[in-house]
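In: Need coordinates for the below:
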Amino acid sequence: MIFQSWSFPFQAWHLATSDRVFLTFESTVSYIYHPHAPKRIAHHLPNSKLIVMLRNSVDRAYSEYWYRRTAWHDTEFETFEKAIEYELASNIADQEYRKILSDKRYSYHKYYRYSYLRRGLYAIQLQNLFRYIKRERVLVIKSEDFSTILLTSF
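Out: I've put the predicted structure just below:
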């Protein structure tokens, strides 16, 4: 039996198997990007196993731009190119990252808001993740390989 529950800011799916084992799957796109999240996950869920799905960085950035334009009605940047130019020229994502590192309670709104490109720098995010969570507990896959993996696994 599979059922889904919603609790901001994440989505959780629960699976009850025939062995009466209860598994919980959670899905959030921002955990790997937040610099404190891996340490918190390691502390609160020490035996968890993680799946990290990486999307083509350019596709991810472009999709996020249009998601903000449509779902959030965000019109700060008239074009995707202007959003990228602002991120690069202002260096705001790097400035906000340093603030978050120095203050665990600092709001990460601007860090997420102005990071179309930085969020696609997966090597940095994975290095941080592996500092706190053993590599053998993490499956890293490319999103375009996900459907193939599902088809061959079940």
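
In: Return the distance of the closest residue to R137 other than its chain neighbours relative to R131.
Out: Nearest residue to R137 in three dimensions, chain neighbours excluded: K49, at 5.1 Å (C-beta to C-beta, 6 or more residues apart in numbering). Quick note: C-beta positions are derived from backbone N, CA and C, even for glycine. Distance, K49 to R131, using C-beta to C-beta, to the nearest Å: 17 Å.

In: Show me the contact partners of the longest helix seen in the chain.
Out: The longest helix of the chain (DSSP state H) is helix 57-71. By C-beta atoms under 8 Å, 6 or more residues apart in numbering, the surrounding residues in contact with helix 57-71 are 55, 74-75, 77, 80, 83-84, 116-117, 119-122.

In: Neighbour-wise, give me the winner out of those residues.
Out: Y116 (24 neighbours; other C-beta atoms under 10 Å).

In: so what's the closest residue to L101 other than its chain neighbours up against?
Out: Nearest residue to L101, sequence neighbours excluded (C-beta to C-beta, 6+ apart): P35, at 5.8 Å. For P35, the contact set (C-beta under 8 Å, 6+ apart) comprises Y97, I100, L101, N128.

In: Save those residues as CSV, and put in neighbour count and secondary structure too.
Out: Conversion of these to CSV gives the following (neighbours: other C-beta atoms under 10 Å; DSSP: H, G, I helix; E, B strand; the rest coil):
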residue, neighbour count, secondary structure
Y97, 18, helix
I100, 17, helix
L101, 11, helix
N128, 18, helix
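
In: Pipe the contacts of helix 57-71 into JSON lines and attach secondary structure per row.
Out: Supplementary listing: the contacts of helix 57-71 in JSON lines, determined by DSSP: H, G, I helix; E, B strand; the rest coil:
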{"residue": "R55", "secondary structure": "coil"}
{"residue": "D74", "secondary structure": "coil"}
{"residue": "T75", "secondary structure": "coil"}
{"residue": "F77", "secondary structure": "coil"}
{"residue": "F80", "secondary structure": "helix"}
{"residue": "A83", "secondary structure": "helix"}
{"residue": "I84", "secondary structure": "helix"}
{"residue": "Y116", "secondary structure": "coil"}
{"residue": "L117", "secondary structure": "coil"}
{"residue": "R119", "secondary structure": "helix"}
{"residue": "G120", "secondary structure": "helix"}
{"residue": "L121", "secondary structure": "coil"}
{"residue": "Y122", "secondary structure": "helix"}
